[in-house]
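In: Sharing a model that was predicted from the sequence below.
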Amino acid sequence: MTLVLKVGVDGWVVGCCLAPPAVGHDVEWLLQFHEQATMPFADNESLQSLEATASRRAEWDGLTLDRVPMMLRCGGADLYWESARPPSDAQLLTGTITIAQHGEAPKDFPTVQGRIRRVRMAHTLYEEQPPGSRSWTPVRPADVRYEDRDAAPEWFPDHDGGTSPARFSNSVLVELQVVRGDVPLAKITTDGAGARSGSRWRTKAGSRFSRPVPDRLATQARPQVGGTSRRNGR
């Protein structure tokens, strides 16, 4: 059975060091799973249920406090997961998946190879919190409109928010058809976009899917899973 993963990609990730995801591209990404309970801003379309086996990994410097580092194996894909509870051998889990290439997962964690079969721009409704602060957070429950694209933009549109609530286009939802490791797969580099400078991709709105870069975003839409990491807590 073919496994297709829905991967959320924030615009700042593309603006930083990821080639814009495009339909038909072969990629190799390190992916992280987030339980639904830890994703208050996730909409139903970005959620995915997976039947997976879980195995414990060694603790590492970037592990979030009070979390258990885990490997989820499902249909040929290995996903990094920081669990709040002791693992069981096999389970059905619902949550979101993101690219983990900014220290969210151990560097030696296995990557996932696959072919992108769909890219959708997410137009998400935000509200200014607190009023007058020019800091924005997604409304709850989530209000997201999706638009099919051939590829994510190289630069996501700037938006000053205007009147609250306002809709921001600062992320894409990618459908990745997983290829097992024993199947040859031509790949494109995941850092082909190169490091980007300047402020075109910076936004006053927080990121929807992944942990934002603190000095580049005014507000954090989704708290880091589980709270403070060991690295940040030092």
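Out: Thanks, I have the structure now.

In: Can you classify the most centrally placed residue in the chain by secondary structure?
Out: The residue lying closest to the centre of the chain (CA atoms, centre = their mean) is residue 98, at 2.6 Å. Secondary structure, DSSP: H, G, I helix; E, B strand; the rest coil: residue 98 is strand.

In: beta partners of it?
Out: residue 8, residue 32 (DSSP bridges).

In: which residues of the protein fall in helices?
Out: Using DSSP state H, the helices of the chain run over residues 11-17, 230-233.

In: contacting residues around the closest residue to residue 43 other than its chain neighbours?
Out: Distances taken as CB to CB, 6 or more residues apart in numbering place residue 142 nearest to residue 43, at 3.7 Å, with adjacent residues excluded. For every residue, glycine as well, the C-beta is placed using N, CA and C. Residue 142 sits next to 41, 42, 43, 124, 125 when contact means CB atoms under 8 Å, 6 or more residues apart in numbering.

In: measure residue 35 to residue 77 for me?
Out: 17 Å (CB to CB, to the nearest Å).

In: Between those two, which has more neighbouring residues?
Out: residue 77 (24 against 17; other CB atoms under 10 Å).

In: Pull up the gap between the nearest residue to residue 147 once chain neighbours are set aside and residue 52, please.
Out: Once flanking residues are discounted, residue 147 sits nearest to residue 121: 4.6 Å by CB to CB, 6+ apart. With distances taken as CB to CB, residue 121 is found 29 Å from residue 52.

In: before we move on, back to that, my guess is the residue nearest to residue 147 contacts residue 146, does it?
Out: Yes: with contact defined as CB atoms under 8 Å, residue 121 reaches residue 146; the gap is 7.0 Å.

In: who has more neighbours, the two?
Out: Neighbour totals were compared for residue 121 and residue 146, and residue 121 leads with 20 against 16 (other CB under 10 Å).

In: Now do the same contact list for the more buried one.
Out: 146, 147, 149, 152, 153, 169, 171, 172.

In: Kindly state the beta-bridge partners for the last one.
Out: Beta-bridge pairing of residue 172, defined through DSSP bridges, involves residue 9, residue 121.

In: Flag the shaky bits of this protein, pLDDT-wise.
Out: Along the chain, segments meeting pLDDT under 70 span 1, 86-90, 158-161, 180-234.

In: tell me the strands in it, going along the chain?
Out: With DSSP state E applied, the chain shows strands at 4-10, 26-29, 31-35, 48-56, 68-74, 77-83, 90-99, 112-128, 136-138, 144-149, 166-179, listed in chain order.

In: closest one to residue 19 among those?
Out: Ranking the strands of the chain by proximity to residue 19 (CB to CB) places strand 26-29 first, at 8.2 Å.

In: just checking, what packs against the closest one?
Out: Helices and strands touching strand 26-29, by 3 or more CB pairs under 8 Å, 6 or more residues apart in numbering; DSSP states H and E, are strand 112-128, strand 166-179.

In: Adjacent strands (with direction) for it?
Out: strand 112-128 (antiparallel).

In: wait, residue 5 sits on residue 112?
Out: Yes: using CB under 8 Å, residue 5 is in contact with residue 112, at 7.4 Å.

In: shared neighbours, those two?
Out: With CB under 8 Å, 6+ apart as the test, residue 5 and residue 112 both reach 31, 77, 176, 178.

In: Which residue lies nearest to the third one in three dimensions, sequence-adjacent residues excluded?
Out: By that I understand residue 176. Residue 176 sits nearest to residue 114 (CB to CB, 6+ apart), 4.3 Å away.
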